[in-house]
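> whatever this is, show me its structure:
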Amino acid sequence: MVTLMNTLKLLRIFLGRYADVRVANENALLRNKLSKVNVDEGAKETLWKIWFNGRKKPIEKDVENVAYECSQKCESDWDEFMKSVEQKWMHFNPDMEKEYKCSVYPQALKWGVTKWIAWFHETALTCLKQDFKNWITKCGKEYHQTMRQKLNVWHKKYLDEWCKQDWKVREDRYFKNWIKMGLRGDPDYWVKLSQCNRWAARVKKEHKEWTDNLKAIENNCNDWVNWKKEKMEFYKQWLQAFTKQWITEEQWKTWTEERKQYILTKKPDTQKSATKKTATKKTTTKKTTTKKAAEKKTATKKAAAPK
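Numbers count the residues shown, from 1 in each chain. Below is the predicted model of the structure:
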């Protein structure tokens, strides 16, 4: 009896130690597999850095070329824009209310020098600033549209050259399927889960790093930023000089005189229109009278006819 009990006790000790050894071996195997996962991930991250860093300079060069071309195109339109603004504000503009939603005449006919100067500082300068804002915004839209087209070309290269490599495609397909079909009963479940998590984090990091880099290059392009600053500073100084000129030359007198001529030029057209309307009205009245007379004559004949 004692011998049997001792045997069972020894068996339990043996099984316990065996279980401990088995668990230890399994843990060691798991650690080895996870260590291999880490090594593989490190190699893949190195491949990404090599590919990514190799594209940075070419992208920056392309973006700089786009910025230069866009700034040169806008530069060629700059002189024309400045001439048109100066021409418009040195002369009477019949479309001012429609264009700027502010009216000057006829109330301005009663204004004195002080009122005209105040109006120019309070209203006209706001309109002049809006002219520049509209123009620079238009240039900006053209720049960003052209820039997006160029960056889309680079993003396509990222998708084609990096994301569609054979090993990347196989890896993506495997883990997307594993997420759907992975079983807890798989002896390598925890290893594969670790691999899957590392894969998902790596892919997300690569995509973010790539898109953030494209945005940063676009937003920090010195050629375009400097060109805009230069034009904004120039226009600011020009406004000061133009304001002084407009007030010194009392340009509102030119406006008022040109407005008179504009009204006189428009009067013949107005008179023609009024004459045409009167003639049309007379013709219509005459036709109506003739029609009524004819109807009356017909009625009289019917009444006089023998029954």
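> ok, how many other residues are close to residue 71?
21 (other CB atoms under 10 Å). Where C-beta positions appear, they are placed from N, C-alpha and C, glycine not excepted.
> going forward can the numbers begin at 27, since that is how I track them
Got it, the first residue is 27 from now on, which makes the last one we talked about residue 97.
> doesn't residue 256 make contact with it?
No - counting by CB atoms under 8 Å, residue 97 sits too far from residue 256 to count as a contact (9.4 Å).
> which stretches of the stretch 77-226 of the chain have low pLDDT?
For the stretch 77-226 of the chain, residues meeting the criterion pLDDT under 70 lie at 210.
> ok, which stretches of it are helices?
Assigned by DSSP state H, counting those that start in this stretch, the stretch 77-226 of the chain shows helices spanning 122-126, 139-145, 151-183, 192-207, 215-245.
> which one of those helices lies closest to residue 280?
helix 139-145 (11.8 Å; CB to CB).
> and residue 123, what does it touch?
By CB atoms under 8 Å, 6 or more residues apart in numbering, the residues touching residue 123 are 129-130.
> again, only this time at 10 Å
129-131 (CB atoms under 10 Å, 6 or more residues apart in numbering).
> which of those residues tops the neighbour count?
Neighbour-wise, the contacts of residue 123 (other CB under 10 Å) top out at residue 130, 21 neighbours.
> contacts only, for that one.
118-119, 122-123, 137, 142, 145, 149-150, 278, 281-282, 285.
> ok, back up a step: same list (the helices of the stretch 77-226 of the chain) but as JSON lines, adding distance to residue 261.
Output for the helices of the stretch 77-226 of the chain, formatted as JSON lines (distance: least, CB to CB, whole Å):
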{"stretch": "helix 122-126", "distance to residue 261": "17"}
{"stretch": "helix 139-145", "distance to residue 261": "21"}
{"stretch": "helix 151-183", "distance to residue 261": "5"}
{"stretch": "helix 192-207", "distance to residue 261": "50"}
{"stretch": "helix 215-245", "distance to residue 261": "23"}
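> and the closest residue to residue 224 other than its chain neighbours, what helix or strand is that in?
Nearest non-adjacent residue to residue 224, counting by CB to CB, 6 or more residues apart in numbering: residue 67, 5.1 Å away. Taking DSSP states H and E as the definition, residue 67 sits inside helix 28-116.
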